[in-house]
Structure formats: structure tokens, C-alpha cells
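Novice: what follows is a predicted structure for the sequence shown.
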Amino acid sequence: MKTISLFILAYLLGSIQSGVWIGKFFYHKDIREFGSGNTGTTNTFRVLGKRAGTAVLFMDILKGTVATSLPIWFGLSIDPLWFGVAAILGHTFPIFGHFKGGKAVATSAGMLLAYSPTFFIYSASLFIIFLFLTSTVSLASMISAIIITISTIVLPIYAPFILAEQNWLLTSLAVAITLFIIIRHRDNIKRIKAGTESKVNFGLRKTKNR
């Protein structure tokens, strides 16, 4: 019963729509009606600005971290990654938002932070590097996700100081999350091919958002 209750709690934590709530309470805007219509960090930055976007980024990461930590805090003998999955599902299909949520990039990062801080730092560094090279959040997210997935297999062999042991559940989840991220970014991929995808004012190719 405790396990089921904590799974539900993890899902509810993921369902907290940080961008929507901050937009409504502090800016009197529903970010779903502006920009890409997405409820996540990138659209929050685009619609509400840096302060709100940064707050949503940290809150979405925190959702994944807290949810993944639940079985550790409550002494359950179950892989904590499953609770991270519950938070990711909550973020993507939130009960508080008619099951229409974000793309789960930040929440997935929060899951990694709870599971392995060193691997989280490695993964975050990859994202920052590719964001600097492309100035495009969507492209950086997809490329990073692919490399992170490969890294779950390679690092335990060649760099165990970053990721100590092989966990096939982590690898399986990384594959699933990567595929999901790519699918959810299909409209972004079309805009990237057409050269119309919005860029951030950061990195080698920075420009004003369209």
C-alpha cells in the first residue's frame, strides 16, 4: 500500500504545471495560449521571461528529483527510477492539466539528479555544450538525449567515476525517453529543417526569437 501511495504521489508531483501556475498567479497569462503553447521551461522563457523561466526550470527538475527520492526516503526496496518515471508521466500527462503537459526534459534531468549526481552533471554539461553550439533548445535536447542514452552503456565501462554501474533499467528508460522527446519535438524538427525554429540569445548561432 505504501508503494502504491508513493507512486501516486510521484505522479501528482510530476503533474504540477509550474509554468501554467506561475504564469496565471504572477503574470496573469496562460502560457498555453502563447508561443508554442507548451507548458514547459522553454515556452515559459519565451512568453514570461528569464525570471519565470528559471523558476520553472528549477521546479520541474525538483519534481523529478523529489519523486525519484521517495523510495529512498521511505526505505522501499525498489529501483527509484520507477518513481522518476511516474513523475515524468505526470509532467507529460498531468491530471491538473487535462493530461496535456510538457516534453519532460527538465523532469527527466531531475530523475537523473536523484539517481546519480555525477551523471546528472555530465548530462547537463552535454546539453549546455550543444545549446551553445546550436542556440536551439529543441535540437540540443534531442542530441543530448541520444548521447546520454549511449552513455548509460559506455560510461560504466570506460568512465565509472561518472556512472558507476550498468543499470539496464536506466538504459531502457533512456531509450524510451529519447524516443518520446524526439516524437514530441516532431513539429520542432520540421521547423529546424525549414530554418524557422526559434533560437535563444546564447551560443554561436544566437539570434532573436522569431
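Specialist: Yep, that arrived. Numbering: from 1, shown residues only.

Novice: just the helices from the protein, written as ranges.
Specialist: For the chain, the helices defined by DSSP state H occupy 2-15, 18-26, 41-48, 50-73, 81-92, 105-115, 117-134, 137-158, 168-184, 186-194.

Novice: possible to save those as TSV with distance to R205 and mean neighbour count?
Specialist: C-beta coordinates here come from the backbone N, C-alpha and C atoms, glycine included. Formatted as TSV, those follow (distance: least, C-beta to C-beta, whole Å; neighbours: other C-beta atoms under 10 Å):
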stretch	distance to R205	mean neighbour count
helix 2-15	32	18
helix 18-26	25	19
helix 41-48	16	23
helix 50-73	19	20
helix 81-92	29	26
helix 105-115	20	26
helix 117-134	6	17
helix 137-158	10	19
helix 168-184	21	17
helix 186-194	12	13
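
Novice: ranking the ones you listed by mean pLDDT, which is last?
Specialist: Ranked by mean pLDDT, these bottom out at helix 41-48, which scores a mean of 88.

Novice: can I get the helices of the chain in TSV with distance to G203?
Specialist: Shown next, in TSV, are those (distance: least, C-beta to C-beta, whole Å):
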stretch	distance to G203
helix 2-15	29
helix 18-26	23
helix 41-48	14
helix 50-73	16
helix 81-92	26
helix 105-115	17
helix 117-134	4
helix 137-158	9
helix 168-184	20
helix 186-194	15
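
Novice: for F202, find the nearest of those helices.
Specialist: For the helices of the chain, proximity to F202 was assessed by C-beta to C-beta; helix 117-134 is nearest, at 6.6 Å.

Novice: just want the angle from the closest one to helix 137-158.
Specialist: Here the directions of helix 117-134 and helix 137-158 differ by 140 degrees (axes from the mean of the first three to the mean of the last three C-alpha atoms, to 10 degrees).

Novice: now do the closest residue in space to T178 that isn't next to it in sequence against A106, distance only.
Specialist: Once flanking residues are discounted, T178 sits nearest to A145: 4.2 Å by C-beta to C-beta, 6 or more residues apart in numbering. The gap separating A145 from A106 is 12 Å, by C-beta to C-beta, to the nearest Å.

Novice: kindly report the same for T42.
Specialist: Distance of T42 to A106, given as C-beta to C-beta: 9 Å.

Novice: what of N43?
Specialist: Applying C-beta to C-beta to N43 and A106 gives a distance of 12 Å.

Novice: how is the chain partitioned into domains?
Specialist: For the chain, automatic domain parsing gives the domain ranges 1-115, 116-210.

Novice: I figured T171 was touching I153, is that so?
Specialist: Yes: the pair T171 and I153 passes the contact test of C-beta atoms under 8 Å, sitting 5.9 Å apart.

Novice: which ones are touching the spatially most central residue of the chain?
Specialist: Centroid-nearest residue in the chain, with C-alpha atoms, centre = their mean: V105, separated by 1.8 Å. Counting by C-beta atoms under 8 Å, 6 or more residues apart in numbering, V105 touches G40, T41, S141, A145, I181.
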